[in-house]
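S.K.: got a predicted structure plus its sequence, pasted below:
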Amino acid sequence: MPHRIRRGAAAVLAVSGLLLTAACGSGDDQGDKAGKNGELSAATMKAALLTAEDLPSGYQAGQPGPSGGPATTADKPECEPIAVFLNDTIKGAAKGGSVDFEGPGGGTQLSQQVFTFPGGEAAGFVRGIGAALERCTDFGASVAGEKMTIGVRKIDGPEVGEESHSLNLTTEIKQLQMTFDIQVLVASEGTGMTRLTHVPGQEADKKKFADLARRAGDKFVAGVRG
């Protein structure tokens, strides 16, 4: 991926809140014990995250994007559930760990986060995204001065946990005269929710999403179930 495109992609990921700080987690970490409403412990959420050993050969730890930035909002109400789930902070959820990887050659970017909700709210949150995918095809957003149009469509992906959806976000930033795709898996299991984002370095790398999503989904479900 040319340097200019990689720089632009990183900027949008940071602006949209798609990548969280991986180092020590931040903010609302649950600690070492499960919550009173069944929320996952920090140890459980860590166990639900990918490691380099879970991925194909050539993937290595990458640089985490910044967290805590401005929220992404949609200019269409039917798309708001999708905009909300792209943010660093999700109302009602506690953040667990986050991991970031670069694919072979450094062109492909992969990031996974785990959240936990009280009670049965994780599955409900993911179902809301599925409902939005039936109505939302694109929306405009302006975050930190960057105006973008985000096209939304469902794509094939693995069935993960109790509820899951895979989607493609085609992001156009007119100021940078660039358009690129982000592939996303969102899934729930018990009181946990995971979000996997894949920025393919080349067109051919898009075909790798299904395998990467399956690996992330298997690790997430196994970690939550213990």
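M.R.: That came in fine, so what should we check first?
S.K.: quick one: residue 220 is in a helix?
M.R.: Yes. Assigned with DSSP: H, G, I helix; E, B strand; the rest coil, residue 220 falls within a helix.
S.K.: neighbours around it, how many?
M.R.: Residues contacting residue 220 under the criterion other Cβ atoms under 10 Å number 29. Every residue, glycine included, has its C-beta placed from N, CA and C.
S.K.: where exactly do the helices run in the chain?
M.R.: Taking DSSP state H as the test, the helices found in the chain are 3-16, 42-47, 80-85, 121-133, 209-225.
S.K.: would you turn the ones you listed into CSV with mean pLDDT and distance to residue 159?
M.R.: Below are the helices of the chain laid out as CSV (pLDDT from 0 to 100; distance: least, Cβ to Cβ, whole Å):
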stretch, mean pLDDT, distance to residue 159
helix 3-16, 46, 26
helix 42-47, 95, 21
helix 80-85, 89, 19
helix 121-133, 96, 12
helix 209-225, 97, 8
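S.K.: out of these, nearest to residue 180?
M.R.: helix 3-16 (5.6 Å; Cβ to Cβ).
S.K.: residue 172: what's it in contact with?
M.R.: 148, 149, 150, 151, 178, 179 (Cβ atoms under 8 Å, 6 or more residues apart in numbering).
S.K.: tell me the contacts of the third one?
M.R.: When contacts are counted by Cβ under 8 Å, 6+ apart, residue 150 is found next to 138, 139, 140, 141, 169, 170, 171, 172.
S.K.: and the least confident of the contacts of residue 172?
M.R.: Lowest-confidence member of the contacts of residue 172: residue 178, scoring 79 (pLDDT).
S.K.: now the contacts of residue 150 as TSV including pLDDT and distance to residue 218?
M.R.: Formatted as TSV, those follow (pLDDT from 0 to 100; distance: Cβ to Cβ, whole Å):
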residue	pLDDT	distance to residue 218
138	96	32
139	94	31
140	92	36
141	82	32
169	94	23
170	93	27
171	86	28
172	86	33
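S.K.: which of those residues sits closest to residue 47?
M.R.: residue 169 (28.1 Å).
S.K.: rewinding a little: would JSON lines of the helices of the chain with distance to residue 199 be doable?
M.R.: Compiled in JSON lines, the helices of the chain are given as follows (distance: least, Cβ to Cβ, whole Å):
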{"stretch": "helix 3-16", "distance to residue 199": "6"}
{"stretch": "helix 42-47", "distance to residue 199": "23"}
{"stretch": "helix 80-85", "distance to residue 199": "17"}
{"stretch": "helix 121-133", "distance to residue 199": "19"}
{"stretch": "helix 209-225", "distance to residue 199": "10"}
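S.K.: much appreciated, bye for now.
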